[in-house]
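1. coords please:
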Amino acid sequence: MQSCLFLYKYLFDFQEIKNGHDYSNARTLETQEKIMAQRIFALLLLFYTGNIFAQDSASSISQYGITWTFDKKYAYGQFVNGDYWVDGPIKIIAITPASVALTGQNNRIVNGSMLNPAINYLQGYDSRMLGTEGRSFDAALNAARPLGNDLSAENPLIISTPSSLLSSISREIPQDARNVITIAVLTILDTVPPPDAFRPPFTGSDNKTVTHTKTDIRRGVLPRLAVPSGVGATAQDVAAFFEKPWVEHMQDWQKEIFCPTANMHSYGREIASNVSDGALMLTLDVDSLEKEQLLLRMIQLGLDYYGMVLSPNGRITWTADGGHMCGRAFPLIFAGYILGDQAILDIMKKSGAYAYQNGYYAGNMPPDYIHFGEIDQTFFVSQRDVDGTHSSSWSPDPRDTVQLPYEAVDIGIADWGINHVISPKGDNKAWGAIYRAVNAPSWCGFVLASRILGIDSLWNHRPLFDYVNRWVAGGEEPGLTDLQKKMWFAYSDNYPISAAVISVKRAENRDKIMIHNHTGNLTMSIILEYSLSVSKHVNLGIYDLSGRLITTVVNERQPAGYHKVNFDAGKYRCSSGNFIYKAEIDSKSYTGTMVIVK
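-> Have a look, this model is predicted:
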């Protein structure tokens, strides 16, 4: 036991979590009095045992097969996700397994450690980390071999300032890649943290302050939906995905051959799928203690990702590249939302729609744009995309057997491009374009969870949500796991995209068009709203994705001001899916997509 204060704190957390609610939001005086009586009893018990200010200390700490040995005992404890902290400054005299040079493997350096790793192409864990001897390896970054020699009492690792020490276990026989199996994080602090603290991010050296504790969690915003029939996975099963830290501070696609295999998947598709399972499980009425464990681990992942984004090169670390970089945005957004941390949520203001504002566009982004794979890859087709795919610079992936450019009828459709925001010349309208089917299924879970939680607008990127709807409406699988698929079929219709509004503005005349679906049982009825700056002739039609006109809902001259018309999709026997609206207002044309959900 770390301390009796630690026990006191968790006595009540355990009781209230078990009951499925947070005691800090107790609604009745009776409940508050009961909690206070429990608190007084526990404090009296702690006082009479004489241990109220006890704090554990140790001369070594072990986790995930890694042991850090110190020169003496230091105060230590665990963060809420299970990772350890120690009260520094400290002196480490051994790390087991030891980082040594293997003479039988051409002096390969194994089991290295890193302090406050930066986001770049260098690492100090294993000289064969990426397969080839020496590739990406910098011996000076291996903190487990001070001055390039074995760690010992005579050659210790001294850590004087708040830091994150990441220690590894290498694969015994090297492979072509992924030669580190496990990484554990030890955080050195300059003060004892609260007993319910989250770990500071492990990247960089300037963010080692504890900023959040369990008391910040707004558990009341989590729904408790019924588990769909046939779902076999439990919250405990899903929480296991996030038990060990997800360490991926290597830059660009090389993350895939860097990530420690016992900690996490290395490919974006599987990372996104794990996140989707976690996101969906957090919306369900499952075992409260298991759900709490998953919740804490998901928040910690989001805080780590937030720390990565704030680090140098962090804004480009998840730049779209095939199937590599998706799944990282949801944990960050969720952490900001559940903790009520606006600074975290503000990260998204520099992503998504930000790439298309103030004169910027795909291929010409703002210099401070923040990349996330699924956001980079999804977009509403514009005239610029039509022109680009009909130009001499258009160069879709040569592995695509079918290469289709965009046409005028495609304008407004939500689509996917292999790395659209940085290089739209690689876009390919063909449904079979390489990597299209790799990505979308793994996104469906966290997209649906965002809709259920009502946080989809926090992504600052509507095209992702419309594209996932289009993917499923096209007959594709809404996920990679049973949980993802069954949740989609059970709840997708009940949680349409929040404030499903598309706005189109033109500065020269201030005309505006909006569309949205009714909520509830009227999702087949679509309201189209628009405002005119002066009296103009309006022709407003609805088309399917092939460009076939379904109906013209307005074709007349109308006065200035606000107008609203209703499109009853059921009347025209429209099935679920994406449709296009086109409005001709005098000489101006407005086009966009809308989603019909039965």
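
2. residues touching residue 360, list them.
-> Counting by CB atoms under 8 Å, 6 or more residues apart in numbering, residue 360 makes contact with 354, 366, 369. C-beta: built from backbone N, CA, C; applies to glycine.

3. in ChimeraX, select just the buried ones from the residues you listed.
-> In ChimeraX, this line selects whichever of the contacts of residue 360 come out buried by 16 or more other CB atoms under 10 Å:
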select :354,369
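
4. so which of the contacts of residue 360 comes closest to residue 202?
-> residue 369 (24.5 Å; CB to CB).

5. which secondary structure element contains that closest one?
-> Using DSSP states H and E, residue 369 is not contained in any helix or strand.

6. that one contacts residue 356, doesn't it?
-> No. Between residue 369 and residue 356 there is no contact under CB atoms under 8 Å: 10.3 Å.

7. what strands line up against the biggest strand by length in the chain, and which way round?
-> Secondary structure of the chain per DSSP state E: the longest strand is strand 66-78. Applying DSSP bridges, strand 66-78 is found paired with strand 57-63 (antiparallel), strand 84-87 (antiparallel), strand 90-96 (antiparallel).

8. give me the distance between the second one and the centre of its chain.
-> With CA atoms, centre = their mean, to the nearest Å as the basis, strand 84-87 stands 27 Å off its chain's centre.

9. list the buried residues in that strand.
-> In strand 84-87, the ones that count as buried by 16+ other CB under 10 Å are 84, 85, 86, 87.

10. re the thing from before, want to try a markdown table for the contacts of residue 360, with distance to residue 146 as columns?
-> A markdown table is the format used below for the contacts of residue 360 (distance: CB to CB, whole Å):
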| residue | distance to residue 146 |
| --- | --- |
| 354 | 44 |
| 366 | 42 |
| 369 | 39 |
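
11. which one of the contacts of residue 360 sits closest to residue 65?
-> residue 369 (39.9 Å).

12. give me the below-cutoff pLDDT ranges for this protein.
-> 1-54, 498-525, 527, 533, 562, 575-578, 592-593, 595-598 (pLDDT under 70).

13. give me the domain ranges for it.
-> 4-49, 57-189, 217-494, 502-596 (automatic domain parsing).

14. now, of the ones you listed, which is deepest in the fold?
-> domain 217-494 (a mean of 20; mean count of other CB atoms under 10 Å).

15. OK, contacts around residue 269?
-> 323, 326, 438, 439, 442, 480.

16. and which of the residues you listed is nearest residue 545?
-> Using CB to CB, those come closest to residue 545 at residue 439, 20.0 Å.

17. these two touch, right, the closest one and residue 376?
-> No. Counting by CB under 8 Å, residue 439 does not reach residue 376; the two are 10.9 Å apart.

18. circling back to that earlier point, out of the buried residues of strand 84-87, which comes closest to residue 350?
-> When the buried residues of strand 84-87 are ranked by distance to residue 350 (CB to CB), residue 85 comes first, at 31.0 Å.

19. quick one: that closest one from residue 452, how far?
-> 34 Å (CB to CB, to the nearest Å).

20. and residue 325, by the same measure?
-> 24 Å.

21. repeat for residue 326
-> Applying CB to CB to residue 326 and residue 452 gives a distance of 19 Å.

22. got the contact list for residue 256?
-> 177, 266, 267, 324.

23. residue 85 bridge partners, please.
-> In beta-bridge terms (that is, DSSP bridges), residue 85 pairs with residue 77, residue 187.

24. hey, where'd the helices end up in this protein?
-> Under the criterion DSSP state H, helices of the chain are mapped to 4-18, 29-49, 235-239, 268-281, 288-310, 329-339, 342-345, 373-377, 383-388, 436-453, 462-473, 482-491.

25. residue 58: which of those helices is closest?
-> For residue 58, the closest of these is helix 4-18, at 14.9 Å, according to CB to CB.

26. now stretch 80-95, how far from the centre of its chain.
-> 28 Å.

27. ok, the contacts of residue 360 vs residue 104, which is closest?
-> Nearest to residue 104 among the contacts of residue 360, with distances taken as CB to CB, is residue 369, at 47.6 Å.

28. residues touching the nearest residue to that closest one once chain neighbours are set aside, list them.
-> Excluding the flanking residues, the one nearest residue 369 by CB to CB, 6 or more residues apart in numbering is residue 355, at 5.5 Å. Applying CB under 8 Å, 6+ apart to residue 355 gives the contacts 361, 362, 365, 366, 369, 421.

29. isn't the second one right up against residue 369?
-> What that stands for is residue 362. No. With contact defined as CB under 8 Å, residue 362 does not reach residue 369; the gap is 10.8 Å.

30. shared neighbours, these two?
-> With CB under 8 Å, 6+ apart as the test, residue 362 and residue 369 both reach 355, 421.

31. ok, residues contacting the longest strand of the chain?
-> 2-3, 6, 55-62, 84-88, 90-97, 153, 156, 165, 167-169, 182, 184, 186, 192-193, 195.

32. do stretch 459-470 as well
-> 329, 333, 348-349, 351-354, 374-375, 378-380, 413-416, 440, 443-444, 447, 450-451, 456, 497, 502, 577-578, 593, 595, 597.

33. if anything else comes up later, I'll come back, but that's it for now.
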